[in-house]
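Participant: Sequence plus predicted model, see below.
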Amino acid sequence: MNTDRETEINLEPVILFDGFCNVCDGFVSFVIDRDPQQYFSFASQQSVAGKAILRGLGISSQPETIVFVNQSRYYTHSTAVLMIFRHLNGLWSLLYYLRVVPPLIRDFVYRWVARNRYRWFGKRTTCRMPTPELKKRFLDETF
């Protein structure tokens, strides 16, 4: 699977996540807490905005992976997570350098966790509902 693809879409950095996944929701909260400059926007892949972005990228919904879109590129699986870490405050940005680990190994671990995430951490029955102050960082206004 190609994890780095050129596209013609020019977006602010946006993280597309599985809105029903507790792990993904936890990761979004983790990023928000470490992103005081509000660099990232967010959309669940199940939302109108998320579906439109994925369609614009020419890819189908991929709830088994976080999708990080930054200007004309998108990243999936472990590469997406590492690209997100690159922009976080503090020592978290150093995790970006785990890119030296071959993607085959990184993505094996990522996919193993993704396959088991609902069993280990549960599944939401509804998508994340942002607080009023966070709502402006989420692209879909249909909450």
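Facilitator: All right, it came through fine.
Participant: What ranges does this protein have for its strands?
Facilitator: 4-17, 41-44, 67-76 (DSSP state E).
Participant: how about low-confidence regions in this protein?
Facilitator: Along the chain, the parts satisfying pLDDT under 70 run over 1-11, 124-132, 135-136, 140-143.
Participant: Tell me who's in contact with L82.
Facilitator: By C-beta atoms under 8 Å, 6 or more residues apart in numbering, L82 lies in contact with L95, Y96, L98, R99, R106. Backbone N, C-alpha and C define where each C-beta goes, glycine included.
Participant: count of neighbours near the first one?
Facilitator: The number of residues packed near L95 is 14, by other C-beta atoms under 10 Å.
Participant: close enough to count as contact, it and F85?
Facilitator: Yes. Taking contacts as C-beta atoms under 8 Å, L95 lies within contact range of F85: 4.1 Å.
Participant: residues near the closest residue to I66 other than its chain neighbours, how many?
Facilitator: The shortest distance from I66 to any non-neighbouring residue, by C-beta to C-beta, 6 or more residues apart in numbering, is to A80 (4.8 Å). Residues lying near A80 (other C-beta under 10 Å) number 23.
Participant: Can you list which of the contacts of L82 are found in helices?
Facilitator: Under the assignment DSSP state H, the contacts of L82 contribute R106 to helices.
Participant: Of the contacts of L82, which is the nearest to E133?
Facilitator: If you rank these by distance to E133 using C-beta to C-beta, L95 comes first, at 27.0 Å.
Participant: For the closest one, give its distance to L54.
Facilitator: 26 Å (C-beta to C-beta, to the nearest Å).
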